[in-house]
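**Student:** compute the structure for the input listed below.
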Amino acid sequence: MNDRYIQSIAIDWRKISRSSYLQEIPALKHLKALEFQKNITFFVGENGTGKSTLLEAIATAYGFNPEGGTVNYRFSTFDDVSELHHAIRLTKGYRRAKSSYFFRAESFFNVASKAEDYRNFTPKEIYYRQYGGKSLHEQSHGESFLAYFQSFSQDGLYLMDEPEAALSPQRQLTLFIQMARMADAGSQFLVASHSPILLGIPGADIISFDSGTASRCRYEDTESYQVMEMFINHRDILMERLLREG
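**Tutor:** As a prediction, this is how the structure comes out:
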């Protein structure tokens with residue numbers, strides 16, 4: 001037994017329709033249970049391997065709005081959440097998260113808009129101070145995400161789907177430091193990511209969906225690391241081969 005906010009999950013596949021597309025995703029259909037052993041857990045894998053689908057289902061089962069935000073956000077601009085969350089049972093720790101947040105790169109604009117709506121209930125000077133001194137919509141996508149995320153200073157639970165999507169490599173390093181420090185202070189992160197920068201956070205647990213099962217792997221064994229390492233160290237050879245084959 002650990003002291004993380006979400007200690008483990010179990011999936012009851014009897015609650016998923018036999019005709020569901022979820023049954024066709026190898027890494028998911030073979031997954032019955034998963035324990036979170038570190039304060040930072042990364043889900044990695046090629047597009048379509050189920051990592052973001054699982055993250056969304058965990059978030060929804062926990063009580064987050066499927067489009068993102070805190071557990072208090074309730075809005076919907078589209079409805080494409082999978083049925084997987086109905087089959088997930090969470091084992092929660094004894095601690096209560098002081099703050100929590102579900103970040104989705106594809107819908108952060110909607111979350112920022114909702115934050116703007118809530119501004120009406122917060123003194124303007126406090127609201128702007130929370131997010132770097134100006135409105136989230138007056139900042140770039142990457143700037144607004146970092147400003148929003150950095151407003152969470154307490155120990156908490158954070159689920160993040162491809163947070164690197166709007167961030168430059170330098171801003172990814174900023175997020176790297178923030179996540180590492182917060183995890184050391186007791187925060188828990190579940191993150192679906194392709195970023196070879198973020199995946200390098202020391203002590204993080206990495207679960208790969210690439211082999212048809214959800215299995216733990218080393219940082220150096222992730223495709224994100226291997227492709228980046230090959231590109232940097234053997235760029236000329238790689239480019240010649242890719243362009244010739246293309």
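
**Student:** where does this structure dip in pLDDT?
**Tutor:** 1, 72-80, 105-143, 148, 153-154, 246 (pLDDT under 70).

**Student:** please enumerate the strands of it.
**Tutor:** Per DSSP state E, the chain carries strands over the ranges 6-11, 33-35, 40-44, 88-92, 99-104, 156-161, 188-192, 205-208, 215-216.

**Student:** out of the ones you listed, which is closest to residue 228?
**Tutor:** strand 40-44 (12.8 Å; C-beta to C-beta). The way it works is simple: take the backbone N, C-alpha and C, and place the C-beta from them, glycine included.

**Student:** taking strand 188-192 as reference, get the angle to the closest one.
**Tutor:** For strand 40-44 against strand 188-192, the angle by axes from the mean of the first three to the mean of the last three C-alpha atoms, to 10 degrees is 10 degrees.

**Student:** for the residue nearest to residue 206 when sequence neighbours are not counted, which residues are in contact?
**Tutor:** In space, and not counting its chain neighbours, residue 206 is closest to residue 42: 4.7 Å by C-beta to C-beta, 6 or more residues apart in numbering. Listed by C-beta atoms under 8 Å, 6 or more residues apart in numbering, the contact set of residue 42 reads 191-193, 198-199, 204-207.

**Student:** of the residues you listed, buried ones?
**Tutor:** Listed as buried from the contacts of residue 42 are 191-193, 198-199, 204-207; burial here means 16 or more other C-beta atoms under 10 Å.

**Student:** got the contact list for the most centrally placed residue in the chain?
**Tutor:** What sits nearest the mean C-alpha location of the chain, by C-alpha atoms, centre = their mean, is residue 160, with 2.1 Å. Contact analysis of residue 160 by C-beta under 8 Å, 6+ apart lists 102-103, 189-193.
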